[in-house]
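# No letters, just coordinates:
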């Protein structure tokens, strides 16, 4: 027995200390989650009330598109879509094509020789750009009947247009038109060839006045298929040249029909 006691006394003593973990108190972070949910709900409520109170339908439409478009989470540049059809921006600045129209109108008005032609020159903003239409009269000023040759007064108008286009980056398209008067003596030559030749002659004249060749996107002949005065197909106003100064986003390159005959290769006029 004594031997056992001595052996037990020689063994090292092992002391085990139990540490009890302290539990967090009842004032944890659960309230923060509830408060964040409350703030989010209130923000959503105020946004809904603001949208319902908005008098401008475009604001409602823009917000609806914003929340429907998944691209907004990928760094899209804006919220409301750009309004199409207007030529002025939101700050009231004048669109460059409107400025071009104003300058050209003033230059023609200031010309003693051309001021009387303002009733034959029309301007219209279209989805393509600024449409400039040069219409003839009963006593031909722009074209002789059945002729593609440009008369001097029309050449002077084209020169004015080129002068104003010189400081503009916009490209243009040129269209030729005729009235519905048929050709009697040349069955192989029709209003299609005549309208295309008039447009091409206008292009050549404008390039001669300084318009760069790369500025012309296309040249087209419309014959009598797009009448300015549909009720009177023989009205001289149907004989015209249309120049469209194109919007930037529509300036797509296309082939110009240079292979069409020039005025020198036309039938006798």
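That came in fine, so what should we check first? Remember, predicted model here, so these are calculated numbers, not experimental data.

# any low-confidence regions in this protein?
Across the chain, the ranges flagged by pLDDT under 70 are 1-28, 54-94, 185-187, 249-269.

# can you point me to the longest helix in it?
helix 30-53 (DSSP state H).

# elements contacting that one?
Using 3 or more C-beta pairs under 8 Å, 6 or more residues apart in numbering; DSSP states H and E, the elements in contact with helix 30-53 are helix 57-68. Glycine gets a C-beta too; all of them are placed from N, C-alpha and C.

# Could you point out the helix or strand that follows the helix it packs on?
Once the chain leaves helix 57-68, the next helix or strand it forms, by DSSP states H and E, is helix 96-109.

# Pull out the buried residues from the helix or strand following that next one.
Moving toward the C-terminus from helix 96-109, the next helix or strand (DSSP H and E) is strand 121-125. The neighbour-count criterion (16 or more other C-beta atoms under 10 Å) identifies 121, 123, 125 as the buried residues of strand 121-125.

# I figured the last one was touching residue 96, is that so?
No. Using C-beta atoms under 8 Å, residue 125 is not in contact with residue 96; the gap is 11.7 Å.

# Domains of this protein: list them as residue ranges, please.
Listed by automatic domain parsing, the domain ranges of the chain are 34-69, 96-264.

# Packed most tightly, which of those domains would that be?
Stretch with highest mean neighbour count among the domains of the chain: domain 96-264 (a mean of 17; mean count of other C-beta atoms under 10 Å).

# Tell me the bridge partners for residue 135.
residue 240 (DSSP bridges).

# right, and it touches residue 242 too?
No. With contacts counted by C-beta under 8 Å, residue 135 stays clear of residue 242, the gap being 9.4 Å.

# closest to residue 32 among the buried residues of strand 121-125?
Distance to residue 32 across the buried residues of strand 121-125 (C-beta to C-beta) is lowest for residue 125, with 56.8 Å.

# gap between that closest one and residue 156?
Per C-beta to C-beta, to the nearest Å, residue 125 is found 25 Å from residue 156.

# what's the answer for residue 96, then?
24 Å.

# swap in residue 200?
Separation of residue 200 from residue 156 (C-beta to C-beta): 19 Å.

# And residue 133, by the same measure?
17 Å.

# Check the spacing between the nearest residue to residue 246 once chain neighbours are set aside and residue 245 real quick.
Sequence neighbours aside, residue 129 is the residue nearest to residue 246 in space, at 4.4 Å (criterion: C-beta to C-beta, 6 or more residues apart in numbering). According to C-beta to C-beta, residue 129 stands 5 Å off from residue 245.

# With residue 50 instead?
According to C-beta to C-beta, residue 50 and residue 245 sit 41 Å apart.

# what does residue 103 give?
Distance from residue 103 to residue 245, counting by C-beta to C-beta: 12 Å.

# again, but for residue 232
Using C-beta to C-beta, residue 232 is found at 28 Å from residue 245.

# First-to-last residue distance for stretch 224-244?
Start and end residues of stretch 224-244 are separated by 19 Å (C-alpha to C-alpha, to the nearest Å).

# next one: stretch 121-132
From its first residue to its last, stretch 121-132 covers 7 Å (C-alpha to C-alpha).

# repeat for stretch 184-192
Terminal residues of stretch 184-192 are spaced 15 Å apart (C-alpha to C-alpha).

# Also stretch 165-183?
Stretch 165-183 has an end-to-end distance of 36 Å (C-alpha to C-alpha).

# what's the answer for stretch 112-128, then?
Stretch 112-128 has its terminal residues 32 Å apart, counting by C-alpha to C-alpha.

# Tell me which residues are up against that stretch.
Residues from elsewhere that reach stretch 112-128, judged by C-beta atoms under 8 Å, 6 or more residues apart in numbering: 85, 87, 97-98, 101, 104-105, 108-109, 130-137, 141-142, 153, 156-157, 160, 173, 237, 244, 246-247, 250.
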